[in-house]
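In: Need the 3D shape of this:
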Amino acid sequence: MGRHSLPDQYGAGASDPRRRARRRTVAIATVLVLAVAGGTAAAVRGGLLSFGSSCQDDPVRLTLAASPDLAPALESAAKRAREADLTSDGRCVAVTVSAREPYKVTDALLAGQDPGAEVWVPDSEVWLQRLAANGGTPDVSTVGHVASTPVGVAMVPTAAKSLGWPKKTYGWLELAGAALRDDSLRLGAADPARSATGLLALTRLSTAAAGVEGGDTQAAAMMKALSQRISDSDGQVLDTLPRDSSGTEQGNPRRNQSLVVSEQAAHAYNSAADGDRSLDFFYPKDGSPRLDYPYTLLEQTGLTTDQSRAAIRFMNYLDDPPQRRLLERHGFRTSGDEVPDALVAGAGGSGPQPYAEPAARPASAVALQEALGVWTITVQSARITTVVDASGSMSEPVPGSGGSRMDVTKAALTRALATFTAEDEIGLWDFSTKLDGDKDYRVLVPTDRLGDRKGAGTQRDKLSAAFADLAPVPDGATGLYDTTLAAYKEATGSYADGRFNALVVLTDGVNEDRGSISRADLIDRLERLTNPERPVALIMIAVGPDADREEANRIAEATGGSGHEVSDPAQIQSVILKAIVAAASPDRQG
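Out: Numbering: from 1, shown residues only. Here you go, the predicted model:
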């Protein structure tokens, strides 16, 4: 599905499963015909004929890194291609398939490391979006898609029957809610930070929650519960199912009765399992996102023209009917229009589950990033102090918004606040110049747990009111350096173990306090305050056209943090969540 049909120049050569003796006879006959027609030379150049040694003596060699679920099928296809003498421009195509977790290849590419392959087939476009969002190399090009598989929820039969499978259908929010409320349905999933399956399902859950009153809180609670049963990868999550149908295994609190997995994963599990260990599969009625297996050329690995043409030749070979049937036997869909009933049945699907419905509309890069950001802070719990520029320039209007920079900033911060749970610790400062005696800053709400009671309300109530009261200081200048140092010193001094600790500084200008420390002094002091054993991420956000992105970067990087620029303050929430994901990743923390 989704493959491109390329001109003959990209697909020169053909596969022929017949025995060599038969091929030799056909080749000789072909030579005579073409010689009479005067086309022998052209045939040789086109790869139809090869005088002398076999094409296997000098093949075009390719290493293909494939998602572990797809790798076995591609290994079989590569073996078939070698046995059939698949050629490109007269040379055999020799493909070696290597199973690689997509997140590991993504990390290698972002780090500028050699991924060890010329072709990459991850399980989802999600990984290519992550490369783009993090400034990844442009030398990555998708030339087609190998297969697809929808994401849903698989359950052991007793759990599925308790929810009315297969006749009763559920949306994502209902299905996850039912599984997480009932301890006998224990729901497991792969880590959304490392699994496209987990992230796509999480994004659908977040989207569904946004459409109901109190949905944000409900989704956060579900994420918190789900985080207790997370596995590192899609393969590992299947290992959490009961090993047999015995009461001991079924009742083991460490075993999951239901899983967020792909249809293909359920198919592979059922194909290998005994009858009493099979899974039933729910297809959420509000749409199943799909893994789409993009066929990607990694040009930064020194991909030659011959290798590029051979790679595309192999991709087209995968679209041949025998290879499509091979993929389907491994549980993958190869058509957007036709869904083999045998494939669905093998995965544990059945009508009236909506297994033939079109794929859910792909989530935007922003939606994926926000879902992952909410997941990160929900799972880890956070201690974050937000420091907001209150200088006079924050009263400047934002074109098209009907409000000032401060108005839009306040609205973005209020939306961001809704993504945090009662366990998170959040605080608020503002700054200009000489706001508190000689200090450029003031503490409006000390950083504390959102669920704690504060007088007549909670910390969350107090913060909501403080956000609403934020206002620019008339003629106020920007006291950025002293404020950043004081806030970072406080954040490192009040570090909370077991939480994601961060300081978020939003400014729409450059430092204007002539009596403050210098930038060089600020960076030196920040570096001395930084402790890798007690990391506090400094997230600097330059807001509007007057802010200095380069300066924000240099200050933040002194602590291992990150600088960002937004032209519209409405983007602040997305940028904060993106920065949190980057700073909280295990690889970033060493």
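In: Could you use CA atoms for every contact and neighbour count after this?
Out: Will do.
In: what secondary structure does Arg361 sit in?
Out: State at Arg361, reduced to three classes by DSSP: H, G, I helix; E, B strand; the rest coil: coil.
In: What is the burial count for it?
Out: 10 (other CA atoms under 10 Å).
In: oh, and call the first residue 44 from now on, that's how I've got it
Out: Sure thing, new numbering starts at 44, so read that last one as Arg404.
In: what residues are up against the closest residue to it other than its chain neighbours?
Out: Of all residues beyond its chain neighbours, the one nearest Arg404 is Pro332 (7.3 Å), with distances taken as CA to CA, 6 or more residues apart in numbering. Each residue near Pro332 by CA atoms under 8 Å, 6 or more residues apart in numbering is listed here: 193-194, 243-244, 247, 402-405.
In: Let's test this: what are the backbone torsions at the nearest residue to His188 once chain neighbours are set aside?
Out: Of all residues not flanking His188 in the chain, Pro337 sits nearest, at 4.4 Å (CA to CA, 6+ apart). The phi/psi pair for Pro337 (degrees, to the nearest 10) reads phi -70, psi 130.
In: per-residue pLDDT, the residue nearest to Arg404?
Out: What the model reports as pLDDT for Pro332 is 96.
In: hey, where'd the helices end up in the stretch 394-543 of the chain?
Out: 408-423, 448-460, 502-512, 523-536 (DSSP state H, counting those that start in this stretch).
In: now the helices: where do they sit in the stretch 244-393 of the chain?
Out: Under DSSP H, counting those that start in this stretch, the stretch 244-393 of the chain gives helices at 258-270, 277-281, 290-293, 306-315, 348-360, 364-372, 384-389.
In: Which one, of the ones you listed, ends up nearest to Val586?
Out: For Val586, the closest of the helices of the stretch 244-393 of the chain is helix 258-270, at 26.4 Å, according to CA to CA.
In: quick one, the closest one and helix 408-423 angle?
Out: Helix 258-270 and helix 408-423 are oriented at 60 degrees to each other (axes from the mean of the first three to the mean of the last three CA atoms, to 10 degrees).
In: Give the other helices and strands that helix 258-270 contacts.
Out: helix 215-224, strand 230-233, helix 239-253, helix 408-423 (3 or more CA pairs under 8 Å, 6 or more residues apart in numbering; DSSP states H and E).
In: what separates it from the chain centre, distance-wise?
Out: 19 Å (CA atoms, centre = their mean, to the nearest Å).
In: try stretch 406-414
Out: Worked out by CA atoms, centre = their mean, stretch 406-414 lies 9 Å from the chain centre.
In: So for that stretch, mean pLDDT?
Out: 87.
In: same question, stretch 606-622
Out: Rounded mean pLDDT across stretch 606-622 is 82.
In: Same check on stretch 366-377?
Out: 97.
In: Report the buried residues of stretch 211-227.
Out: 212-216, 218-223, 227 (16 or more other CA atoms under 10 Å).
In: For Glu168, which non-adjacent residue is spatially closest?
Out: Pro337 (6.3 Å).
In: Does the one you found touch Val162 like I think?
Out: No: if you go by CA atoms under 8 Å, Pro337 and Val162 don't touch, sitting 10.3 Å apart.
In: In terms of neighbours, single out the busier of the two.
Out: A count of neighbours by other CA under 10 Å puts Val162 above the other of Pro337 and Val162, at 28 against 25.
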